[in-house]
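# okay, here's the prediction I keep looking at, along with the sequence it came from:
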Amino acid sequence: MVRRLGTDIPTEDRNYYITTPIFYVNASPHIGHLYSAVTADYLHRYKLLQGFNSRFATGTDEHGLKIQQAADAAGQDPLSFCTKVSERFKHLFKSCHISYTDYIRTTEERHRCAVEHFWTVLQSKGFIYKGNYEGWYSTQDESFLTPSQVGDAKDSSGKEIKISLESGHKVEWMIEENYMFRLSEFRSRLQEWLEGNPRAVQPERFHHAVLQWLQEDLPDLSVSRQRSRLQWGIPVPGDLDQTIYVWLDALVNYLTVAGYPDTHSQWWRAAHHVVGKDILKFHAIYWPAFLLAADLPLPQTIHVHSHWTVGGKKMSKSLGNVVDPLERSQRFTIDGMRYFLLRQGVPDTDCDYDDDKVVKLLNAELTDSLGGLLNRCTAPSLNPAQVYPHFCSDSFPSQGTEAHKGRAVDEDYHMLDAVRALPAVVEQHYESVHVYKALEAINRCVRQTNGFVQRHTPWKLGSGDGRDQLWLDTILHVSLECLRMYGTLLQPIVPEMADKLLSRLGVKPEEKSWAALDFLVKYQGKDCPFEGRALGPDTGVLFNRLERPNAEKGKPKKAKKATKVKS
Ligand SMILES: Nc1ncnc2c1ncn2[C@@H]1O[C@H](COP(=O)(O)OP(=O)(O)OP(=O)(O)O)[C@@H](O)[C@H]1O
């Protein structure tokens, strides 16, 4: 059933709080970051259309050794360096119509207060103690590893080194006194949470992965570094010789935005995170354990997505094999890029980025299929009055006894069934963040509608015959009704293009919500508010055909080195 405001959503459940990861500002954003942002953005827009009070937070993660080193290398002080890179993320998001409501930087005062408070709560409840950490540490991942997570490798000069088996990054043995979090005490509570909430981590394979990790070693977690090694971070309250671990600091951003420690409960209980699979452990083990320790509710859902790769390797700032999202969204348009990422990206598996694929997909689905349908059905040659045509139930009678009297054939009735069922199908896939399946379903229906028009060749119907004219109008009415459904459902994905489509159909702003997804009401004998209404004046092309990229120029740069070791 399609969820609508005022029908099946209790008032207290209307808040929805969606977050992206906050992005590490050690270098400029790439396609992978835009993908996380676009994923959260469509969820936010979709929830608003359904009538939820949606809040959408993104921002930048600005502390830690990597930033300290990157700022040093750039000859800048860390805050100026962070501000510059953070602005690049903000600029990208604004340019790509990422409609965030909150942008947080972990160097903000409000965040420092939240982190200090959170730390103090964990410490006062006895979950943080001072101890000696001895073990493997990856500076690149800002993460501690157990011996089973470490393997052997050689660096670019052939020297034997140890690496993280998961990320391929170099690790070092570290011994130092710092603060430890009693992570080991949370194994069974985390298992209970996941087993009792099978949709807490989606898709399912990542849910299983987390349960699997929970069967392995779960040692206490070091949550501070000696200040002498790391100055760029929030000092431990009451111990200025220690800096709070960057991941604890970063994760609390979700609470900071929600108003922690004073006014967070209203939003925090409606939290949904979108994260890349590289940071799943931090979000599905450490973060829930911290929250349990602080007696706070756990997130509703952690939506995990896989990676964009280049030549099979994860697109990554450190590897340098990045594709510039700003340049590509200028070349392929913002909606084009948004559509491609969500249509081609599969949360469960990695996807290789290729400019040629972008062009082929957008030309086929947006220019030819959807744009072609709109163009055909609104063409002045078929619709000289430029109004939403009338539906004639004698030409297209209800299925059953009456059907044989009209001019519609079985396939036409099948198409109506498919389009009528489409909102529920799309909603199911939007909810589970399998957007590619939703877009696949929309595309199938667009193809069926094109087939309907093609089958009945309205351009051959002579306007001299009154019955032909009624049938011609009916074909156009049904097609525009289909287009209205597609435009409404596509709003979260391609907001500008959907708006253009709906405006061309003469749909008013208040008729663009999920509640307006009533399809072809004339067929059910009800009044249709669109009939006879003037079409919108913008007769421009819905999506301009893109040129195929020059074969060499279109290829993203390959990863610099064969090993994944970062220097
Ligand atoms: N290749 C990618 N594909 C999809 N999402 C990505 C990709 N790279 C980064 N992201 C998104 O950005 C988040 C943060 O990534 P991060 O800032 O560490 O970028 P990165 O390029 O992997 O950086 P680094 O190379 O320094 O590790 C990820 O959890 C994910 O949500």
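Perfect, I can see it now. Numbering: from 1, shown residues only.
# A helix includes Val453, no?
Yes. Assessed by DSSP: H, G, I helix; E, B strand; the rest coil, Val453 belongs to a helix.
# thought it was touching His477?
No. Using Cβ atoms under 8 Å as the test, Val453 is too far from His477 to be in contact (12.0 Å). Yep, even glycine has a C-beta here, placed from its N, CA and C like the rest.
# between these two, which is the more surrounded one?
Higher neighbour count among Val453 and His477: His477, with 24 against 20, using other Cβ atoms under 10 Å.
# with adjacent residues omitted, what lies nearest to the more buried one?
Nearest residue to His477, sequence neighbours excluded (Cβ to Cβ, 6 or more residues apart in numbering): Phe391, at 4.3 Å.
# you'd agree that neighbour is in a helix?
No. Looking at Phe391 with three-state DSSP, it is coil, so not inside a helix.
# quick one, what contacts it?
Listed by Cβ atoms under 8 Å, 6 or more residues apart in numbering, the contact set of Phe391 reads 473-474, 477-478, 520, 522-523, 528, 531.
# and stretch 339-350, what's its mean pLDDT?
Across stretch 339-350, the average pLDDT comes to 96.
# same check, this time on stretch 528-545
95.
# just stretch 375-395 next, same as before
Computed over stretch 375-395, the average pLDDT equals 94.
# and that stretch, how far apart are its ends?
This stretch, stretch 375-395, spans 23 Å end to end (Cα to Cα, to the nearest Å).
# buried ones in it?
376-378, 382-383, 387-389, 391-392, 395 (16 or more other Cβ atoms under 10 Å).
# just the ones in strands from the residues you listed, please.
Nothing among these maps onto strands, per DSSP state E.
# indicate the residue of the stretch 201-350 of the chain located nearest to the ligand.
Gly276 (2.5 Å; Cβ to the nearest ligand atom).
# that residue contacts Gly32, doesn't it?
Yes. Using Cβ under 8 Å, Gly276 is in contact with Gly32, at 6.8 Å.
# identify the contacts common to those two.
His307.
# show me which of these two is the more surrounded one.
Taking other Cβ under 10 Å, Gly276 and Gly32 do not tie; Gly32 has more neighbours (25 against 20).
# low-confidence stretches in this structure?
Within the chain, the set of residues satisfying pLDDT under 70 comprises 1-12, 401-404, 462-464, 550-567.
# how much space is there between the residue of the stretch 201-350 of the chain closest to the ligand and Asp468?
Distance, Gly276 to Asp468, using Cβ to Cβ, to the nearest Å: 56 Å.
# distance of Val409 from the ligand?
In this view, Val409 and the ligand are 45 Å apart by Cβ to the nearest ligand atom, to the nearest Å.
# go on, Leu145?
15 Å.
# same check on Trp471?
50 Å.
# then Ser184?
The value you get for Ser184 to the ligand, if Cβ to the nearest ligand atom is used, is 25 Å.
# then Asn383?
Distance from Asn383 to the ligand, by Cβ to the nearest ligand atom: 44 Å.
# find the nearest non-adjacent residue to that residue, please.
Leu476 (6.0 Å).
# surely the one you found touches Cys377?
Yes. Between Leu476 and Cys377 a contact is recorded at 5.5 Å, counting by Cβ under 8 Å.
# need the residues touching each of the two.
In contact with both Leu476 and Cys377: Asn383, using Cβ under 8 Å, 6+ apart.
# I'd like to know how far Pro261 sits from Val115.
Counting by Cβ to Cβ - Pro261 and Val115 are separated by 10 Å.
# compare neighbour counts for these two and give me the winner.
Val115 (25 against 16).
# what helix or strand does the more buried one sit in?
Per DSSP states H and E, Val115 falls inside helix 109-124.
# now that helix, how far from the centre of its chain.
29 Å (Cα atoms, centre = their mean, to the nearest Å).
# could you do stretch 22-42 as well?
9 Å.
# endpoints of that stretch, how far apart?
Rule used - Cα to Cα; the end-to-end distance of stretch 22-42 is 17 Å.
# for the lengthiest helix in the chain, which positions count as buried?
For the chain, the longest helix by residue count, based on DSSP state H, is helix 466-490. Within helix 466-490, the residues that qualify as buried are 468-490, counting by 16+ other Cβ under 10 Å.
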